[in-house]
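J.: sequence and predicted structure, then a few things I'm wondering about:
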There are 2 protein chains.
Amino acid sequence: MAETGASGGETLLFLTDEQLRKGIEAMFFAYRGFTADPDRILEKHNYGRAHHRAIHFINREPGLTVTTLISVLGVTKQSLNRVLRTLIEDGLVESRVGNRDKRERNLYLTEAGAELEHELSKAQRGRMRAAYRAAGPQAVAGFRQVLEAMMDPDLHRHYQMLKDEA
Amino acid sequence: MAETGASGGETLLFLTDEQLRKGIEAMFFAYRGFTADPDRILEKHNYGRAHHRAIHFINREPGLTVTTLISVLGVTKQSLNRVLRTLIEDGLVESRVGNRDKRERNLYLTEAGAELEHELSKAQRGRMRAAYRAAGPQAVAGFRQVLEAMMDPDLHRHYQMLKDEA
DNA sequence: TTGGAAAGTCAACAAGACTGCCCTAAAAGG
DNA sequence: CCTTTTAGGGCAGTCTTGTTGACTTTCCAA
């Protein structure tokens, strides 16, 4: 029934400026909800979102290098370094000198780090699960399609790499 | 690990932890793309995202009060005030004393403000349009459903109010 | 072997969020 | 009428997280 093709005499109502504007606002408000729960947890531990992001991706790909993490997060190495230093000092992250290349540092979560990761992840997944459940599987598929199409190409590359793990 | 909600025979594959994790990462990467184009424009004008958000909602609802804008943006008045002051000084926003209630300030974009708004909006809509077009109308509907379900209730209220305008 | 590039660290600064406190003007309620 | 509340603003100070610039260590290639 649903004609997805944008061919010929299609009106493409979903591409009106008004529709696009609503999409923009939906992203803005949804992202606030998306970060609200982890933010509350992080505050208790005296950390910020930057710490959460680092912890997330170190957990996702244990042993990744600082340079890789920088390119995934899209920040400067100086910016990441401050965050990483506090996490290492607090014993949540371990930084091991690389094997082949001693300039590199491979990053791992300690047991305490994994514990915080789990707490944060559980809260965020809870919100996500509720939204997914409310919207249903079809909506979720669409949600993911639009988000993927919105990414910058190099970010999409990072996203794909993580996707292929399981 | 966490309960996958697989009651009875239902598999609900889209609610697995792995699926939820991918959704979380998709939000992260997509939001970066979402803000990238406006960020570049704002930098030229020596403004930040906070200015963009203020301009967006003043354009959306001309004459709205400072208090309303504060609650929509979810920031403190001190935080908003700094941003608003520079926009007023630079002649992008006009602040008029309220009619019924002279304590209130009604905010409007000047011509210059509307011009910048248009430039920012055009860039962001362009990205949105490309994503929508690539994903198709069905996906867009799902996208919006999931985002709405992800909002905090009071943010969703603000979103709905803006939605009903046209 | 030497010189450049790459990985990472340290120092200083800026934007933008926050709190707390003080202030004015206007509205609202006893 | 007088007190309290509300809308808005100013100023000081803090925190997170981004930025550049300058530096060391390590690797690699001319």
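T.: Sure thing, it's come through.
J.: is DNA strand C contacted by stretch A:66-73?
T.: Yes: Stretch A:66-73 is in contact with DNA strand C by Cβ under 7 Å from any atom of the strand, via A:Val66, A:Thr67, A:Ile70. Any C-beta I mention is one placed from the backbone N, CA and C, and that applies to glycine too.
J.: show me what contacts the second one?
T.: When contacts are counted by Cβ atoms under 8 Å, 6 or more residues apart in numbering or on different chains, A:Thr67 is found next to A:Lys77, A:Glu104.
J.: give me the buried positions along stretch A:55-71.
T.: Within stretch A:55-71, the residues that count as buried by 16 or more other Cβ atoms under 10 Å in any protein chain shown are A:55-61, A:64-66, A:68-70.
J.: end to end on it, go ahead and measure it.
T.: Separation of the first and last residues of stretch A:55-71 by Cα to Cα, to the nearest Å is 15 Å.
J.: go on, stretch A:43-62?
T.: End-to-end distance (Cα to Cα), stretch A:43-62: 25 Å.
J.: does that stretch reach DNA strand C?
T.: No: using Cβ under 7 Å from any atom of the strand, stretch A:43-62 stays clear of DNA strand C, coming no nearer than 9.3 Å.
J.: if we can go back for a sec, out of the buried residues of stretch A:55-71, who's near DNA strand D?
T.: Counting by Cβ under 7 Å from any atom of the strand, no member of those reaches DNA strand D.
J.: using JSON lines, lay out those together with distance to A:Lys122, pLDDT and secondary structure.
T.: Formatted as JSON lines, those follow (distance: Cβ to Cβ, whole Å; pLDDT from 0 to 100; DSSP: H, G, I helix; E, B strand; the rest coil):
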{"residue": "A:Ile55", "distance to A:Lys122": "13", "pLDDT": "96", "secondary structure": "helix"}
{"residue": "A:His56", "distance to A:Lys122": "13", "pLDDT": "96", "secondary structure": "helix"}
{"residue": "A:Phe57", "distance to A:Lys122": "17", "pLDDT": "95", "secondary structure": "helix"}
{"residue": "A:Ile58", "distance to A:Lys122": "17", "pLDDT": "95", "secondary structure": "helix"}
{"residue": "A:Asn59", "distance to A:Lys122": "12", "pLDDT": "95", "secondary structure": "helix"}
{"residue": "A:Arg60", "distance to A:Lys122": "15", "pLDDT": "94", "secondary structure": "helix"}
{"residue": "A:Glu61", "distance to A:Lys122": "20", "pLDDT": "93", "secondary structure": "coil"}
{"residue": "A:Leu64", "distance to A:Lys122": "22", "pLDDT": "94", "secondary structure": "coil"}
{"residue": "A:Thr65", "distance to A:Lys122": "27", "pLDDT": "94", "secondary structure": "strand"}
{"residue": "A:Val66", "distance to A:Lys122": "27", "pLDDT": "93", "secondary structure": "helix"}
{"residue": "A:Thr68", "distance to A:Lys122": "26", "pLDDT": "94", "secondary structure": "helix"}
{"residue": "A:Leu69", "distance to A:Lys122": "22", "pLDDT": "94", "secondary structure": "helix"}
{"residue": "A:Ile70", "distance to A:Lys122": "27", "pLDDT": "94", "secondary structure": "helix"}
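J.: tilt between the helix or strand harbouring A:Pro38 and helix B:17-44?
T.: Per DSSP states H and E, A:Pro38 falls inside helix A:17-44. Interaxial angle, helix A:17-44 versus helix B:17-44 (axes from the mean of the first three to the mean of the last three Cα atoms, to 10 degrees): 110 degrees.
J.: what average pLDDT does helix A:17-44 get?
T.: Across helix A:17-44, pLDDT averages out at 94.
J.: for stretch A:102-114, same thing?
T.: Computed over stretch A:102-114, the average pLDDT equals 93.
J.: is any residue of that stretch near chain B?
T.: No: applying Cβ under 8 Å from any Cβ of the partner chain, one finds stretch A:102-114 separated from chain B by no less than 12.5 Å.
J.: which parts of that stretch are buried?
T.: A:Glu104, A:Arg105, A:Asn106, A:Leu107, A:Leu109, A:Gly113, A:Ala114.
J.: ok, stretch A:119-128 next?
T.: A:Leu120, A:Ser121, A:Ala123, A:Gln124, A:Arg125, A:Arg127, A:Met128.
J.: what do you get for stretch A:12-21?
T.: For stretch A:12-21, burial by neighbour count (16+ other Cβ under 10 Å) applies to A:Phe14, A:Leu15, A:Gln19, A:Leu20, A:Arg21.
J.: surely the first one is in contact with B:Val140?
T.: By that I understand A:Phe14. Yes: the pair A:Phe14 / B:Val140 is scored as a contact, 5.0 Å apart, by Cβ atoms under 8 Å.
J.: joint contacts of those two?
T.: Counting by Cβ under 8 Å, 6+ apart, the residues touching both A:Phe14 and B:Val140 are B:Tyr132.
J.: state the distance from the closest residue to chain B within chain A to B:Val140.
T.: In chain A, the residue that lies nearest chain B is A:Gly142 (2.5 Å; Cβ to the nearest Cβ). According to Cβ to Cβ, to the nearest Å, A:Gly142 and B:Val140 sit 7 Å apart.
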